[in-house]
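Engineer: For reference, the sequence and a predicted model appear below.
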Amino acid sequence: MTAEPMSDLEALAAEYALGSLDASDRRRAQDLLRRNEAFAELVARWETQLAPLADGVRPVEPPADLWRRIEHELGGAGLARPVAGAAAPGGRPLLASLAFWRWTTLGASGLAAAAAALALYFGALGGGSLPADGQRYVAVLNAGQDQPALVITVDTRSGRMTIRPVQTEQPQNTSLQLWLVAGGTPRPLGLLDPLERTSLSLPPAEAGLREASLAVSLEPPGGSPTGLPTGPVLYHGKLLPLDE
Amino acid sequence: MQRVLSREAPKLMSREVDLAALLAQVAAADRQAFQQLYLATKAKLFGVVLRILHSPDDAAEVLQEVYLRVWQRAADYRPDKGAPMTWLIAIARNRALDWRRRMRIEVPLEDLPELEDVPEGADASPLQQALASADGRRLRACMEELQEVQQHCLVLAYQAGLTHQELAEHLNRPLGTIKSWLRRSLASLKECLAR
C-alpha cells in the first residue's frame, strides 16, 4: 500500500512519538515542541495513536522502596507547584538547607564548592573525571540573594550545557531565555523549561568563560525578537570553573 | 408509553475512570490520591521504562522522576485528549528515552526480543499480543497492512526505544532502508487510521 508521504514536520512528530529519533534529532524535536504549537499537537496525536503499542509491555513491580523515595522528594526543592497557592506540603530538606546558604557572604572558593556540591547533588556532572582538553563550569542562578532558581553546568569539551531548574518560575505566555554575559553584549543561548532539565549547546570559541555570567530574562513566547534581552532579568549567576 | 431507559452506564473501564478522578485530585495536591495513583500505575509504568532502559536501577530512578513530574503536572492532563494511562505512559516513555539517549545506553542487541515474547504455540500472532486492547484493534488492523518486518520495526522502536541506527544494526539492514520503512509505515498508518 502506498500512502501520501507526510510533511517533514509530521514525520518528525511521528518519529518523536514512536521514540526512534537519536539524541540530536530528539533534542531538535523537543526544542520545536516547546515553541511550535502545531508540532506539539501533531506529537500529541501520534502519542495517542501509537499508545496501544504499550499494551504489549508486561507490567513489572518496581522496587519496594520507590514510593518512599518519591515521598521523600515530594517536599524537596524544585517541586513547588506551578499553580499559585498550592505549595508542596511536607518537609523540604534540600530547600531548607539551601536557604541557609547566604551566597553573597561566601568567599569565591566557598561559592564554587557550594555550587559544585549542588551540581553533584543533582547529578549534573555524571561523576566523570577531568576532561583532558576541556573545562567544566557551574553556575547557580538566583533572583538576588535568595534561593537558587537554576543550576547550570557547562562542559566546554562537549560544547554543551545542562540546565537544572530548582525553583524556577515562568509566568504564562512568556519564555525564559538564557544569556551569556561575557564582557559586553549578552549572547542568547536558548530557551528554558522551568520544570525540565534542558540541554543547550554552547556557542563556539568561548574563550572568555572565566569572567562570564549567565542570566535569564523574561521574554515574549519564542524568545526575544531583537536578539537582545527585552524583559527583566529574573535570575543570574557567575560561571565558576570546577576543575581547579 | 413509558420507556424504561437503561440505567447502565457506558462500559468505561473502571480503571480509567478512577485514574482520571485521581489525577484531578492530585492536581489539587491530594497526597493520598497521589499514592493511590502510584499504586494503580507503578507496575505498568515500571514495565514500560524498564523495557527501554533494561537496568532496574536506572528504571527506578527514571520512574521516580516520572512520578514527581506527574505530581507537578497533573493539572495539565486533559481528559478530552486521551486516556489517563496514555498520558502517563507518554511521560514515562519520554523520560526513559531522554535518559537512554543521554546515557548512551547500549542494550546488547541479542537481548532484544523478537516481536514481544511470543509463547510457544500461542494462538495470537505477535502483533495481536502487542496490541491486545480494544483500543489497539484499530491500530492492529492498520499495522497488519504493513509487511511483517516493518511491523517489527515499529514495535521495537516504540517498546524498546531503539534509534534508527540501532534498528538498522538489529535488523541487519542499511540505515536508509530503516528510515524509509519507518516513514512509509507511519504514513500508511496515518492514512489507515484516518479512514
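Structural biologist: Happy to help now that I have it.

Engineer: State the next helix or strand along the chain beyond the helix or strand of chain B with the lowest mean pLDDT.
Structural biologist: Using mean pLDDT, DSSP states H and E, helix B:126-130 stands out as the lowest-scoring helix or strand of chain B, at a mean of 63. For helix B:126-130, the following helix or strand on the C-terminal side (DSSP states H and E) is helix B:134-143.

Engineer: can you pull out the strands in chain A?
Structural biologist: A:136-142, A:148-155, A:160-165, A:175-181, A:187-192, A:198-201, A:213-219, A:233-238, A:240-241 (DSSP state E).

Engineer: and chain B, which of those is closest to it?
Structural biologist: strand A:198-201 (7.8 Å; CB to the nearest CB). Every C-beta, even on glycine, is put in place using the N, C-alpha and C of the backbone.

Engineer: And for the closest one, what's in contact with it?
Structural biologist: Strand A:198-201 has contacts (CB atoms under 8 Å, 6 or more residues apart in numbering or on different chains) with A:R27, A:G159, A:R160, A:M161, A:T162, A:I163, A:L178, A:L189, A:G190, A:L192, B:R102.

Engineer: With neighbour count as extra columns, can I get those in a markdown table?
Structural biologist: Shown next, in a markdown table, are the contacts of strand A:198-201 (neighbours: other CB atoms under 10 Å in any protein chain shown):
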| residue | neighbour count |
| --- | --- |
| A:R27 | 19 |
| A:G159 | 14 |
| A:R160 | 14 |
| A:M161 | 25 |
| A:T162 | 22 |
| A:I163 | 26 |
| A:L178 | 24 |
| A:L189 | 21 |
| A:G190 | 17 |
| A:L192 | 24 |
| B:R102 | 15 |
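
Engineer: Nearest to B:R93, out of the strands of chain A?
Structural biologist: Ranking the strands of chain A by their distance to B:R93 (criterion: CB to CB) puts strand A:198-201 first, at 18.5 Å.

Engineer: Neighbouring strands - and their directions - for that closest one?
Structural biologist: If you go by DSSP bridges, strand A:198-201 pairs up with strand A:160-165 (antiparallel).

Engineer: average pLDDT for the partner strand?
Structural biologist: Taken as a whole, strand A:160-165 has a mean pLDDT of 86.

Engineer: got the angle between it and strand A:148-155?
Structural biologist: Per axes from the mean of the first three to the mean of the last three CA atoms, to 10 degrees, the angle that strand A:160-165 makes with strand A:148-155 is 170 degrees.

Engineer: Convert strand A:160-165 to CSV, retaining C-alpha atoms only.
Structural biologist: This file holds the C-alpha atoms of strand A:160-165, laid out as CSV (Å, rounded to 0.1, in the frame of the first residue of the first chain):
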residue,chain,number,x,y,z
ARG,A,160,27.0,21.5,25.9
MET,A,161,25.4,23.0,28.9
THR,A,162,22.9,21.4,31.2
ILE,A,163,20.3,23.4,33.0
ARG,A,164,18.6,22.0,36.0
PRO,A,165,15.6,24.0,37.3
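
Engineer: what angle separates that strand from strand A:187-192?
Structural biologist: Note on geometry: by the same axes, to 10 degrees, strand A:160-165 and strand A:187-192 are set 50 degrees apart in direction.

Engineer: List the contacts of strand A:160-165.
Structural biologist: By CB under 8 Å, 6+ apart, strand A:160-165 touches A:78, A:122, A:124, A:149-155, A:178, A:189, A:192-202.

Engineer: what's the closest of the contacts of strand A:198-201 to A:E61?
Structural biologist: B:R102 (25.7 Å).

Engineer: Give the bridge partners for A:K238, please.
Structural biologist: Going by DSSP bridges, A:K238 is paired in beta bridges with A:S213.

Engineer: Report the buried members of the contacts of strand A:160-165.
Structural biologist: Among the contacts of strand A:160-165, the ones that count as buried by 16 or more other CB atoms under 10 Å in any protein chain shown are A:78, A:122, A:124, A:149-155, A:178, A:189, A:192-200, A:202.

Engineer: And B:P84, how close does it get to chain A?
Structural biologist: As judged by CB to the nearest CB, to the nearest Å, B:P84 and chain A stand 11 Å apart.

Engineer: no no, B:L63
Structural biologist: Between B:L63 and chain A the computed distance is 6 Å (CB to the nearest CB).

Engineer: cool, and B:H152?
Structural biologist: To chain A, B:H152 is 12 Å away according to CB to the nearest CB.

Engineer: Touching, that residue and B:R173? I think so.
Structural biologist: No. Counting by CB atoms under 8 Å, B:H152 stays clear of B:R173, with 11.1 Å between them.

Engineer: What are the boundaries of the helices in chain B?
Structural biologist: Ranges of helices in chain B, per DSSP state H, are B:14-27, B:31-53, B:56-73, B:84-102, B:126-130, B:134-143, B:148-160, B:164-171, B:175-194.

Engineer: Quick one, which of those gets closest to A:Q170.
Structural biologist: helix B:56-73 (12.7 Å).

Engineer: starting at the chain centroid, how far to the closest one?
Structural biologist: 16 Å (CA atoms, centre = their mean, to the nearest Å).

Engineer: Same check on stretch B:76-84?
Structural biologist: So, by CA atoms, centre = their mean, the centroid of stretch B:76-84 is 15 Å from its chain's centroid.

Engineer: could I get the contacts of strand A:198-201 as CSV with distance to A:A51?
Structural biologist: Below are the contacts of strand A:198-201 laid out as CSV (distance: CB to CB, whole Å):
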residue, distance to A:A51
A:R27, 23
A:G159, 36
A:R160, 32
A:M161, 33
A:T162, 30
A:I163, 30
A:L178, 34
A:L189, 35
A:G190, 30
A:L192, 29
B:R102, 24
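
Engineer: Closest one of these to B:V26?
Structural biologist: A:L192 (25.1 Å).

Engineer: is it true that the closest one touches A:E169?
Structural biologist: No. A:L192 is beyond contact range of A:E169, at 11.4 Å (criterion: CB under 8 Å).

Engineer: low-confidence ranges in chain B?
Structural biologist: Within chain B, the stretches with pLDDT under 70 are B:1-17, B:104-135.

Engineer: Show me it divided up by domain.
Structural biologist: Following automatic domain parsing, one finds the domains of chain B at B:12-105, B:107-195.

Engineer: What are the structural domain limits within chain A?
Structural biologist: If you go by automatic domain parsing, chain A breaks into A:8-56, A:62-100, A:108-241.

Engineer: Hmm, A:Y235 and A:N142 touching each other?
Structural biologist: Yes. The pair formed by A:N142 and A:Y235 meets the contact definition of CB under 8 Å, at 5.9 Å.

Engineer: higher neighbour count, the two?
Structural biologist: A:Y235 (25 against 20; other CB atoms under 10 Å in any protein chain shown).
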